[in-house]
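Trainee: Build the 3D model from these lines:
(chains A and B, ligands or ions: 2)
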Amino acid sequence: MAATTLAKGITTGLRAAMEKDPKVVLMGEDIGKLGGVFRVTEGLQKDFGEDRVIDTPLAEAGILGTAIGMALRGYRPVVEIQFDGFVYPAFDHIVSQVAKLRARSLGYVAMPLVIRIPFGGGIGAVEHHSESNEAYFAHTAGLRVVAVSNPHDAHWMIQQAIASDDPVVFYEPKRRYWDKGEVGDGPDGALGTARVLREGTDVSLLAYGPMVKTCLQAAEAAQEEGRSLEVVDLRSLSPLDGEAVLASVRRTGRAVVVHEASTFLGLGAEIAAMVTEEAFHHLEAPVLRVGGYNVPYPPSRIEEEFLPDLDRVLDAVDRSLAY
Amino acid sequence: MPVRHTQRCVRDVPRSGPVTPGPEKECPVSDSDVAPLETAYGVQHHVTRADAPGRPAHEGGPEMVQLLTPEGERVPHAELDAIVDALSDEALRGLYRDLVLVRRFDTEATALQRQGELGLWASLLGQEAAQVGSGRAMRRQDYAFPTYREHGVAWCRGVDPVNLLGMFRGVNHGGWDPNEKNFHLYTIIIGAQTLHATGYAMGVQRDGDVGTGDERRDTAVIAYFGDGATSQGDVSEALVFAGVNNSPVVFFCQNNQWAISEPNEKQSRAPLWHRARGFGFPGIRVDGNDVLAVYAVTQQALDAARSGQGPTFVEAFTYRMGAHTTSDDPTKYRVSAEVEVWKHRDPIERYKRWLLTTQRADASFFEAVEAEADELGTSVRERCLAMPDPDGSSMFDHVYADPHPVMAREKAAFEAYHASFEEVR
Ligand SMILES: Cc1ncc(C[n+]2csc(CCOP(=O)(O)OP(=O)(O)O)c2C)c(N)n1
Ligand SMILES: [Mg+2]
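Mentor: Residues are numbered from 1 along each chain as shown, chains lettered A, B, ... in the order given. Ligands and ions are numbered 1, 2, ... in the order given. Below you'll find the model as predicted:
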């Protein structure tokens, strides 16, 4: 397949899923004629009609609550939350209902929902438009949480998420929406698996979503300095692909976790704990975290100072190697 | 134009005390509110009901209070004329000045965005009368809770317009002291501020600042929100809380017909102002492009709130003439013919015509306002460009009231990191 953007990778993935299964419906604000504010659903209402691509009233709690009902009726709703910061009105439904219905019904009820959330910063937006709130959902048992980093995974993982009988919170790195890449012929492993995108021997960089590209750039820069960094795209945040993470860390002996989200109780904290518990004797240095500071997402003029960048990643690599 | 229905509704819903269920009087619904057979969505299919919302989006209907037609003709109104008549010619000219200056400020901000000086701008173009009319109906002690588009209300509250640019420029998230002008920070989360307004009004009640008869004490709160916002649970909950508490709050909904790409029919099957009834207080629809009508209706509602008669829902029927924000492309979802219809209802043109024909203002006045608008534009531009970027380390300030170890540690690490970087350079 030809090169396409990450956004269009999702569009084509949605289209394929809708063609395959008439029970797949899309719900969200402005996803119809407008095609969503990021145009991810562009053209889909025209082709699949208003019954399947639903411009909902402006109410996230309503969207999630009715998506649950649609799922109970046998549909597979794919919900679009317009921006990360607007998911909170729906939080109750996601955490109290979506996540728990299978367990409460002893397995009789499936919740094959996908909740798409464009996330992260770096686009110069006003507040509530740049958040990374994945840890809230990863903390909630019953939800699967994934984050894509490239057009190929975007195209295939959205289809895997839709096919899953578990609810999936699907994070899309909005600042990478326009990045281009090849989409291959099939998915790289099952939903829930990580991927090593670049092999290396000195330090493992563990990242997901928008920070994968940053880590790949850091690895490139480090190579010029004679350092070999491995880059693991976690892809799934819940469950974490423990095997892949531990295998990488056992090889390199060093790990740096990179995410935009604030570090306190973030994915990095969980990974550091897991690596310490499972691979302690392989470690040459403590697991380090590079993330957003523990403050409200700042105004856009200083967001670059909040967000991890190549320099901050390499700074952590230096600190790791100094042990 | 007769407006009897609305007036009767306003009076018939019991105002005092907690709303008691009682024999309800009819609040007549006109024919134009009953959906015609064709759907508003065009194609009929099995999900959309055949009798789905039907009023052509740009017709306010006969219940809409209007004191000035789009042609600038004054429509007499038994109840509201007194409010307008009480305005001096100077005050009437003042409303015009507000409308023009607010539009000029908004135009300048849009230009600043195009030139890269703002990251985003949410224009109020077309909604000037709704905002100026309601804003000027407030008293000093009243309190406004805005969305992100209430630049005209901010103006009337005396907020320096340059303050409004900060969050759009990306140098802060608001940053003004809401209590200085009783104008809360802009709220982007749709609908949230309606609950905040209601809670503030509940505080006003507990302070005894309602129904004392003291003009400088009795306080009303006004919550601004859009047509799309009415779908949010928060807004319904605000109506519930305000209703059961009989709180001094006016729900001022600017129905500009669009919520980004979704027309009002996607949000509500019934006219928005009808909603109030179910919550036990009056609702009224006013021509949002008619500054006199908005002023009069809002003043009546604020007076009712201040005197202890509880909330009112005001639907200002208006139109978003521009894009949702500078990031939006409305050609994707709406036809230019609709915009053309609304161009003829411009709030400034009709008011200017009326001021001229009634000889309340002459050419020299209009010239002076134009000149003042240009000055405002220039000063806004200069002061916007002069807004400094914040220091990166300021992100750790104001997160907590008391010293916090994480803030202290991270701020120190942040500064050390950046300092080390500079040395290397
Ligand atoms: C909770 C939440 N969901 C979604 C959004 C994105 N959003 C911003 S403005 C808007 C439409 C608002 O429409 P309306 O209430 O009619 O106000 P208008 O913009 O027309 O003034 C949407 C969906 C948001 N800001 N907050
Ligand atoms: Mg609107």
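
Trainee: Just the strands from chain A, written as ranges.
Mentor: Using DSSP state E, the strands of chain A run over residues A:3-5, A:24-28, A:53-55, A:76-80, A:114-119, A:144-147, A:168-173, A:180-182, A:195-198, A:203-207, A:229-233, A:236-238, A:255-262, A:288-292.

Trainee: Hmm, B:Leu195 is touching B:Leu239, no?
Mentor: No. Using C-beta atoms under 8 Å, B:Leu195 makes no contact with B:Leu239, being 9.9 Å away. Just so you know, the C-beta spots here come from the backbone N, C-alpha and C atoms, and that holds for glycine as well.

Trainee: quick one: which of those two has more around it?
Mentor: Taking other C-beta atoms under 10 Å in any protein chain shown, B:Leu195 and B:Leu239 do not tie; B:Leu239 has more neighbours (26 against 21).

Trainee: which residues sit in contact with that one?
Mentor: Applying C-beta atoms under 8 Å, 6 or more residues apart in numbering or on different chains, we find B:Leu239 in contact with B:Thr194, B:Phe251, B:Arg275, B:Ala276, B:Phe279, B:Pro311, B:Phe313.

Trainee: Looking at neighbours, which among these is most surrounded?
Mentor: Neighbour counts for those, by other C-beta under 10 Å, peak at B:Pro311, which reaches 33 neighbours.

Trainee: Go ahead and confirm that residue touches B:Ser247.
Mentor: Yes. Here B:Pro311 reaches B:Ser247: they are 6.0 Å apart, a contact under C-beta under 8 Å.

Trainee: joint contacts of these two?
Mentor: In terms of C-beta under 8 Å, 6+ apart, B:Pro311 and B:Ser247 are both contacted by the residues B:Ala201, B:Ala305.

Trainee: can you put the contacts of B:Leu239 in CSV and add pLDDT?
Mentor: CSV is the format used below for the contacts of B:Leu239 (pLDDT from 0 to 100):
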residue, pLDDT
B:Thr194, 98
B:Phe251, 99
B:Arg275, 96
B:Ala276, 98
B:Phe279, 98
B:Pro311, 98
B:Phe313, 98
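
Trainee: Tell me where the model's unsure across the stretch 51-200 of chain B.
Mentor: Applying pLDDT under 70 to the stretch 51-200 of chain B flags residues B:51-57.

Trainee: switch the cut-off to 90
Mentor: Across the stretch 51-200 of chain B, the ranges flagged by pLDDT under 90 are B:51-59, B:175.

Trainee: Identify the residues contacting the residue in it that chain A sits nearest to.
Mentor: Nearest to chain A in the stretch 51-200 of chain B, going by C-beta to the nearest C-beta, is B:Gly170, at a distance of 3.4 Å. Going by C-beta under 8 Å, 6+ apart, B:Gly170 touches A:Gly124, A:Val126, A:Pro299, A:Ser300, A:Arg301, A:Glu303, B:Leu118, B:Gly119.

Trainee: List the ones among those residues that fall in helices.
Mentor: Counting by DSSP state H, these place A:Glu303 in helices.

Trainee: Of the contacts of B:Gly170, just say which sits nearest to ligand 2.
Mentor: Closest to ligand 2 out of the contacts of B:Gly170 is A:Val126 (17.6 Å), distances taken as C-beta to the ion.

Trainee: What values do phi and psi take at that closest one?
Mentor: Main-chain dihedrals, A:Val126, degrees, to the nearest 10: phi -80, psi 180.

Trainee: so it sits right up against B:Phe168, yeah?
Mentor: Yes. Under the criterion of C-beta under 8 Å, A:Val126 is in contact with B:Phe168, at a separation of 6.6 Å.

Trainee: overlap in contacts of the two?
Mentor: Jointly contacting A:Val126 and B:Phe168 under the rule C-beta under 8 Å, 6+ apart are B:Gly119, B:Leu120.

Trainee: Give me the distance between whichever residue of chain B sits closest to ligand 2 and A:Val79.
Mentor: Taking C-beta to the ion, ligand 2 has its nearest neighbour within chain B at B:Gly226, 3.7 Å off. In this view, B:Gly226 and A:Val79 are 22 Å apart by C-beta to C-beta, to the nearest Å.

Trainee: So for the two, which sits in the more crowded spot?
Mentor: A:Val79 (29 against 26).

Trainee: quick one on the thing from earlier: buried ones among the contacts of B:Gly170?
Mentor: Buried members of the contacts of B:Gly170, counted by 16 or more other C-beta atoms under 10 Å in any protein chain shown: A:Gly124, A:Val126, A:Pro299, A:Ser300, A:Arg301, A:Glu303, B:Leu118, B:Gly119.

Trainee: Now do the same for the fifth one: its pLDDT.
Mentor: The predicted structure scores A:Arg301 at 98 on the pLDDT scale.

Trainee: so it makes contact with B:Met387?
Mentor: No. Using C-beta under 8 Å, A:Arg301 is not in contact with B:Met387, being 9.4 Å away.

Trainee: joint contacts of those two?
Mentor: Taking C-beta under 8 Å, 6+ apart as the contact rule, A:Arg301 and B:Met387 both touch B:Arg169, B:Val171.

Trainee: who in the stretch 151-300 of chain A is up against chain B?
Mentor: Neighbours of chain B within the stretch 151-300 of chain A, by C-beta under 8 Å from any C-beta of the partner chain: A:Phe264, A:Tyr293, A:Asn294, A:Val295, A:Pro296, A:Pro298, A:Pro299, A:Ser300.

Trainee: Kindly reformat those residues as TSV containing distance to B:Glu349.
Mentor: What follows is these, written out as TSV (distance: C-beta to C-beta, whole Å):
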residue	distance to B:Glu349
A:Phe264	55
A:Tyr293	51
A:Asn294	52
A:Val295	47
A:Pro296	43
A:Pro298	42
A:Pro299	38
A:Ser300	37
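
Trainee: Among these, the buried ones, what's the ChimeraX command?
Mentor: Applying 16+ other C-beta under 10 Å to those, the buried members can be selected in ChimeraX as follows:
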select /A:293,294,295,298,299,300
